[in-house]
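Visitor: Sequence first, then the predicted structure:
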Amino acid sequence: MAQALQVGVVSLFPDMFQAITEYGVTRRAVEQQLLQLHTWNPRDFTHDKHRTVDDRPYGGGPGMLMMVEPLRAAIAAAKEGVGDNPRVIYLSPQGKKLDQQGVQYLSQFSSLVLVAGRYEGIDERVIEADIDEEWSIGDFVLSGGELPAMVMIDALARQVPGVLGHQDSAAEDSFVAGLLDCPHYTRPETLDGKKVPSVLLSGNHDKIRQWRLQQALGRTWLRRPELLTDLALTDEQQRLLDEFKANYQL
Ligand SMILES: Nc1nonc1C(=O)N1CCN(Cc2ccccn2)CC1
C-alpha cells in the first residue's frame, strides 16, 4: 500500500481547500486516499458569543492577530487528528522560500499540519511553541496562508507514488530536474504562419529527445542562468548547451 500523505490544515476558511480536493490530480489523489486532507477551524474552538478569532496586537498599530487560544486549540486538535507525530508548518513571508528541493525535503514527512494564518499573523510565542518549520511560497504578500498551503499540498501530493498517472509521471520523468521546461507544440502544424520545429515531426525519437534537452538547457541559460550554477551537467548536456550558446544571436 503506497504511503499516503496525511495533511491537517488549520484555517478560518476551510471551504477554500475545495480548490484542490474538487479538481484534477489532487482530487483523484483524495479519491484514491493517497492524499488525506482534514481541516480544523479555530472558530470551532471559540467559546464566546461572537466566536471571536482575532485579537489586538500589543504595542498597538494597525491590524489584528489570530487570537491565541482558539488557534492553539485548533493546532492541537489537528495534530491529534492527523496523528503519527506530524510536522507542523506555518506558511508566511518570513519562512524559508519553497522550491522543488524544499518539496523533496518535505516529502519525507508522511503527516503534516499546515497552519494558514490570516490578519497580520500569529503570536510569536505560538510559532516558538507549536510550529516546527516556517515556509514561504514567495516574496509577495497574500491575504492569508490558505493559497500557500494549497500550493504546498499540490506540490507534495505529486510526490506521492501512485498520484501521477503514467502520462503525468512520464512527463515528470522527462523533465530534467533543475532545468526549465522545453517549448511544446500541438496541432495545427502551422499557426499564424509559424511552423512546428521540423525535428518534432521527424519521428526520430533520439533527435527529438536531444532537441528538447537542448531547448531546456538553452532556455534555462537565457532566463534563469543561476539555476545552472547548481547543476552538474552531463557531457551530452554540456555539449548541447555549448552548441545552443554558439548558435544564439544575442
Ligand atoms: N507569501 C507567502 N508565503 O506563505 N504565506 C505567504 C503570505 O503572504 N501570507 C499572507 C499573510 N499571512 C499572515 C501573516 C502575516 C504576517 C506575518 C505572518 N503571517 C500568512 C500567509
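Guide: Structure received.

Visitor: which of the residues in stretch 200-213 are buried?
Guide: Using 16 or more other Cβ atoms under 10 Å as the test for burial, stretch 200-213 gives 200, 210-213. Heads up, the C-betas are built off the backbone N, CA and C, glycines and all.

Visitor: same deal with stretch 66-84?
Guide: Buried residues in stretch 66-84 (16+ other Cβ under 10 Å): 66-67, 70-75, 77-79, 82.

Visitor: Near residue 168, how many other residues are there?
Guide: Residues near residue 168, counting by other Cβ atoms under 10 Å, number 12.

Visitor: Then residue 176?
Guide: Other residues lying near residue 176 total 18 when counted by other Cβ under 10 Å.

Visitor: what helix or strand does it sit in?
Guide: Taking DSSP states H and E as the definition, residue 176 sits outside all helices and strands.

Visitor: Right, and the ligand sits closest to which residue of this protein?
Guide: The minimum distance from the chain to the ligand, using Cβ to the nearest ligand atom, falls at residue 121 (2.9 Å).

Visitor: Which residues outside the worst-scoring helix or strand of the chain on mean pLDDT are in contact with it?
Guide: The weakest-scoring helix or strand in the chain, judged by mean pLDDT, DSSP states H and E, is helix 166-174 (a mean of 73). For helix 166-174, the external contacting residues (Cβ atoms under 8 Å, 6 or more residues apart in numbering) are 25, 158, 164, 212.

Visitor: Can you name the element that comes right after it?
Guide: Immediately after helix 166-174, counting by DSSP H and E, sits strand 190-191.

Visitor: Give the partner strands of that following strand in its sheet and their orientations.
Guide: Neighbouring strands of strand 190-191 in its sheet, by DSSP bridges, are strand 194-195 (antiparallel).

Visitor: Centre of the chain to the partner strand, how far?
Guide: In terms of Cα atoms, centre = their mean, to the nearest Å, the centre of strand 194-195 is set 34 Å apart from its chain centre.

Visitor: and that strand, what's its mean pLDDT?
Guide: Averaged across strand 194-195, the pLDDT comes to 98.

Visitor: Name the surrounding residues that touch that strand.
Guide: residue 189.

Visitor: Let me know whether residue 201 touches residue 187 as I believe.
Guide: No: contact criterion Cβ atoms under 8 Å: residue 201 and residue 187 do not qualify, at 11.5 Å.

Visitor: What about the buried residues of stretch 66-84, which are in strands?
Guide: Mapping these onto strands (DSSP state E) picks out residue 66.

Visitor: burial count for residue 179?
Guide: 21.

Visitor: ok, it touching residue 220?
Guide: Yes: contact between residue 179 and residue 220 holds when scored by Cβ under 8 Å: they sit 4.8 Å apart.

Visitor: tell me, what's touching these two both at once?
Guide: With Cβ under 8 Å, 6+ apart, residue 179 and residue 220 have common neighbours residue 227.

Visitor: In the chain, where is pLDDT below threshold?
Guide: Filtered on pLDDT under 70, the chain yields the residue ranges 1-2, 170, 173, 250.
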